[in-house]
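Participant: quick one, fold the following:
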Amino acid sequence: MTDFWRAVLAGLGGTVLMTAFMYLASLIMNKRLKVVDILGTMLTGKTRQNGQLSYTFPSILVGIIAHFSVGVVFSLAYLGLWKLGIGSPTLLSSILFGIVSGLVAIVVWRSFFFIHSRPPAVELRAYLIAIFIAHLFFAVETVYCYNLLGS
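Facilitator: Coordinates of the predicted model:
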């Protein structure tokens, strides 16, 4: 299997774990943290009048496709960095990449909520903290899957 396809599949694996973490955090904290639901609602512009998320099939589908696509892009970015000699597919690099990815995600999400005409009612501070932590899980799982697929 080529490094490209290993990175694609690893990105999907990392995104699955990240998504599971966000759903579990949402359940435990009793807050709106489900990234697929939030992303789908915002991308389709279907925030309900009361600020609630949209749970329509198109919104959820858009959220899933967008979220997993971004996961693959992050994973391919990791691969590109490794090819340039920046980091390597190790635990330490994955943690560092997770920190950087989490910070990038915070900036992107904060900006998205700021420019969106009708963002859903989400406790943004809690969401951004969870997103940061989720990117640590994403990066470690992505590197683990990448290495597993190469053995």
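
Participant: contacts for stretch 107-126 next, please.
Facilitator: Residues from elsewhere that reach stretch 107-126, judged by Cβ atoms under 8 Å, 6 or more residues apart in numbering: 29, 31-33, 38, 41-42, 45, 47-48, 50-53, 127-128, 131. (Each C-beta comes from the backbone N, C-alpha and C, glycine too.)

Participant: buried stuff in the helix or strand that G11 is a member of?
Facilitator: Taking DSSP states H and E as the definition, G11 sits inside helix 3-29. Using 16 or more other Cβ atoms under 10 Å as the test for burial, helix 3-29 gives 3, 6-15, 17-19, 21-22, 25-26.

Participant: equivalent analysis for stretch 111-130, please.
Facilitator: For stretch 111-130, by 16+ other Cβ under 10 Å, it's 113, 119-120, 122, 127-130.

Participant: before we move on, what about stretch 49-56?
Facilitator: In stretch 49-56, counting by 16+ other Cβ under 10 Å, buried: 53-54.

Participant: with stretch 90-108 instead?
Facilitator: Of the residues in stretch 90-108, those buried (16+ other Cβ under 10 Å) are 93-94, 97-98, 101-102, 105-106.

Participant: for the protein, what spans make up the helices?
Facilitator: 3-29, 35-44, 57-83, 91-115, 124-150 (DSSP state H).

Participant: including pLDDT, could the buried residues of stretch 111-130 go into JSON lines?
Facilitator: Output for the buried residues of stretch 111-130, formatted as JSON lines (pLDDT from 0 to 100):
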{"residue": "F113", "pLDDT": "96"}
{"residue": "P119", "pLDDT": "95"}
{"residue": "P120", "pLDDT": "96"}
{"residue": "V122", "pLDDT": "95"}
{"residue": "Y127", "pLDDT": "97"}
{"residue": "L128", "pLDDT": "97"}
{"residue": "I129", "pLDDT": "97"}
{"residue": "A130", "pLDDT": "97"}
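
Participant: thanks a lot, catch you later.
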